[in-house]
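Chemist: The following comprises the amino acid sequence and a computationally predicted model.
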Amino acid sequence: MAQFTRVSRSVGLITLQNPPVNALSAVARQGIVDAVKRALSDPKVKSVVICGQNGIFCGGADIKEFGTNITGPPLVPMIHAIEASNKPVVAAIEGSAFGGGLELALGCHYRVAHSKAKLGLTEVTLGLLPAAGGTQRLPRLIGVPAALNLITTGRHVTAAEALQLGIVDQVTDHNAVDEAVKFALSVAGKSLDARRISTYPCPCPSDVDALFEEVMQKVRQSARGAIAPIACVQAVRAAATLPYSQGMEREQELMATLFTSGQARALQYCFFAQRAVGRWSMPSGARWDTSKPRSIHKAAVIGLGTMGRGIAVALAQTGLSVVAVETQEKQFMEAKKMVSGMMERGAKRHGTAPPLDKITYSQNIQAVADVDLVIEAVFEDMALKEKVFQQLSTICKQGTFLCTNTSALDVDHLASQTRNPELVVGMHFFAPAHVMKLLEVVYGPRSSPQAVATAMQLGKKMGKVSVAVGNCRGFVGNRMLKPYLEQALFLLEEGATPELVDGALEEFGFALGVFKMSDLSGLDVGWKVRKGDGLVEPGLASGPSARIRQGRRYSPLGDLLCEQGRFGQKTGQGWYRYDKPGSRVPRYDPWLHSFLEEYRTQHGIVARRIDQQEVLERCLYALINEGFRILEDGIAAGPEDIDIIYVFGYSWPRHRGGPMFYASMVGLAKVLERLEHYHQAHPDVPYMQPCNLLRRLVASGSPPVHKWKEAIKKLRSQL
Ligand SMILES: CCCCCCC[C@H](O)CC(=O)SCCNC(=O)CCNC(=O)[C@H](O)C(C)(C)COP(=O)([O-])OP(=O)([O-])OC[C@H]1O[C@@H](n2cnc3c(N)ncnc32)[C@H](O)[C@@H]1OP(=O)([O-])[O-]
Ligand SMILES: NC(=O)c1ccc[n+]([C@@H]2O[C@H](COP(=O)([O-])OP(=O)(O)OC[C@H]3O[C@@H](n4cnc5c(N)ncnc54)[C@H](O)[C@@H]3O)[C@@H](O)[C@H]2O)c1
């Protein structure tokens, strides 16, 4: 797992060999320890280079080992032994040096990086801190403020930035291993006294307390309840205030708390889940590894409203030629300007040229005749979409994939409007489409595996986390959102306030509570959908039937606000008040509170005290219950798919691992018991009735989340 060879006569070359990312597994660590001993005891070796095979230095500790009984030599003494060596050791960094990989490099006396390499202490993203000396060495090398920034965010830096910060000594466009060998030859025999980072004093601003107080405040605000960033600050503080050996003790102490935390488990689950969703499968048996995607060179977007503009930008930024079609003159002119502006801002951020020439605009749908794939993003109106799909089916060349960005409509019905329904899939982007990472790829019963594979591959190229899901109203994300939103309204009716509900959800870790989110996206969007569903009855009707629609409990609160023109941020009023239309800071609105009181009086509701726990249980368990139904229906292949959709599309706090992982942490029996309790209390809310799959999982002993897929398969075969 680490090969030793002697090159250029006197350089000991140690190559990490643990594909795919040369993670520091027990065997890899043993390999390094043995190879270093060999290099140091070989009198012909005057200096040493450590590199990784296959163009990647090292992806850090082996995350798969966490949570198991870890054996093999520990990292800290291994890195100390390298640093203490009296022969110079040079790290040759290609590809990535992340987490323990960068810590290994920091234990070396010199670092040579390829210009395309990326470096980072990424542990915080896994709920940990750099515990192989990273929190103690990095601040000594680059100073406290820069180290804090890197360690608390886990961000990747380019080789150029690493050189500027002083993390690496040399950057090369040539073969980094060859350059490192040359470098090692040039430093052989030189004193290493000034090259052992652990012996450096920690350069620190004079007012350490003020600096750390300020940083801690900022980190707490952005952490949304995550504990690892806080521990990272504490560890760096130890570097700034304690001698190295005591700082190392503090690093280990803090790591010990994080290592076994539920948050670390959740974040590591997310890491693997994000990769697992790429290995999609369909109920037909079609799979990612047996379905060949087709290359897409030219794509079209139909409808340049909020979504179409973002999608066109994202496609052009991927390097595709794009035909952008908009029929309304005003929208057409506005979209052209906005799309160019979005591309220019994006290019400025990345220091690249805006891909303006990649997009051609047209007001005529005939312009899409020669594209390989179309993404339709016209109004959410089935009759209009039917017409567009009929047109596309006749206009487009043979084999063009036809995709819809619908939020909830029946993809299979749209497919039935075309000559080749197997070419139709949903590509459900999230707003703003050029920024949000999530893409739901929706397959209908007739979608071909090739169409799904092509949409998944295109999503990946666009930098999205793509999840393949089945076709149903709202697919996965929006289907689960409905009971969550409704519970929030019911809580208001019963005595809660938007501030209380949002406060509970934000404390849980959501970036925005449900009412702030609703103000941001616009109350009119849901109003239109409910009108289409025949649920909206104008006016403030009284009597029990006013709050029962289509046989189940219904809250008209959102409709009543819309009737008042309160659409949220865009109108300056919604669940909160804003300084002016378009302002973003929500303020307490006395009008809303009197309105709620009046509403309760009119309906004979006596407001009761509702606590944060009830808010969380009702909103989250309703959403989770729908998640179980989605698994039961086979709409999502496994809990990872649902969790990744919620983490990337709905700001579910990543350190809680997604709704299904969260349910497993709470305990399925407890979730079931609370759902039963709330269903008894609210029998007119059918979706509070615990789903069969949840009952069966509990009956079968509540298997851990990674065993659900298997358990579901087994339960299905018993039916
Ligand atoms: C008491 C204990 C004391 C501990 C001491 C602390 C030490 C240290 O401070 C802690 C760490 O280093 S924490 C670690 C800090 N390190 C990080 O945070 C880096 C995490 N890794 C990455 O960011 C990316 O994988 C790379 C950018 C390295 C490659 O990206 P790419 O080219 O797009 O490829 P990809 O698709 O992403 O991965 C390919 C396959 O490799 C798999 N795998 C990957 N890394 C793994 C790992 N470390 N391990 C295991 N497996 C790992 C991945 O699951 C996938 O498997 P699959 O079965 O095929 O699905
Ligand atoms: N807005 C969101 O947050 C969001 C998120 C995900 C999905 N969606 C879905 O994306 C789709 C578009 O939503 P939006 O918010 O961008 O709507 P929008 O109202 O902002 O834009 C729709 C655009 O389509 C144009 N259009 C209408 N008929 C057309 C035709 N025949 N040919 C070409 N252009 C036509 C309209 O002029 C308008 O510019 C909807 O299906 C919606 O449900 C929206």
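Modeler: Nice, thanks for sending it over. Ligands and ions are numbered 1, 2, ... in the order given.

Chemist: how about the helices of the stretch 151-300 of the chain, start to end?
Modeler: Along the stretch 151-300 of the chain, the segments classed as helices by DSSP state H, counting those that start in this stretch run 159-165, 176-187, 208-223, 228-241, 244-259, 262-276.

Chemist: Next up, the contacts around whichever residue of the stretch 301-450 of the chain sits closest to ligand 2.
Modeler: As assessed by Cβ to the nearest ligand atom, ligand 2 sits closest to residue 305 within the stretch 301-450 of the chain, at 1.7 Å. C-beta: built from backbone N, CA, C; applies to glycine. Neighbouring residues of residue 305 by Cβ atoms under 8 Å, 6 or more residues apart in numbering: 331, 335, 377-379.

Chemist: Identify the residues contacting whichever residue of the stretch 51-200 of the chain sits closest to ligand 1.
Modeler: Residue of the stretch 51-200 of the chain nearest ligand 1, by Cβ to the nearest ligand atom: residue 99 (2.4 Å). Contacts for residue 99 (Cβ under 8 Å, 6+ apart) come out as 59-61, 120-123, 126, 130, 134.

Chemist: quick one: it and ligand 2, what's the gap?
Modeler: Counting by Cβ to the nearest ligand atom, to the nearest Å, the gap from residue 99 to ligand 2 is 35 Å.

Chemist: now residue 533
Modeler: The gap separating residue 533 from ligand 2 is 14 Å, by Cβ to the nearest ligand atom.

Chemist: Could you find the closest non-adjacent residue to residue 557?
Modeler: Excluding its sequence neighbours, the residue lying closest to residue 557 (Cβ to Cβ, 6 or more residues apart in numbering) is residue 489, at 5.2 Å.

Chemist: Quick check: the one you found is in a helix.
Modeler: Yes. Counting by DSSP: H, G, I helix; E, B strand; the rest coil, residue 489 falls inside a helix.

Chemist: ok now do it, which residues does it touch?
Modeler: Residue 489 makes contact with 555, 557-558 under the criterion Cβ under 8 Å, 6+ apart.

Chemist: Out of those, which is nearest to ligand 2?
Modeler: Nearest to ligand 2 out of these is residue 558 (Cβ to the nearest ligand atom; 16.4 Å).

Chemist: and the closest one, how many neighbours does it have?
Modeler: Per other Cβ atoms under 10 Å, the neighbour tally for residue 558 reads 24.

Chemist: part of a helix, is it?
Modeler: Yes. Applying three-state DSSP, one finds residue 558 inside a helix.

Chemist: That one touches residue 527, doesn't it?
Modeler: Yes. Counting by Cβ atoms under 8 Å, residue 527 is a contact partner of residue 558 at 6.5 Å.

Chemist: how about CSV for the contacts of residue 305, with neighbour count added?
Modeler: What follows is these, written out as CSV (neighbours: other Cβ atoms under 10 Å):
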residue, neighbour count
331, 17
335, 21
377, 29
378, 21
379, 11
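
Chemist: Now for residue 257, how many residues are close by?
Modeler: By other Cβ under 10 Å, the residues close to residue 257 number 13.

Chemist: got a list of what it touches?
Modeler: Shown in contact with residue 257 (Cβ under 8 Å, 6+ apart): residue 231.

Chemist: Tell me the pLDDT of it.
Modeler: Residue 257 is assigned a predicted lDDT (pLDDT) of 97.

Chemist: Roughly how far does it sit from residue 513?
Modeler: 29 Å (Cβ to Cβ, to the nearest Å).

Chemist: Alright, that wraps it up for me.
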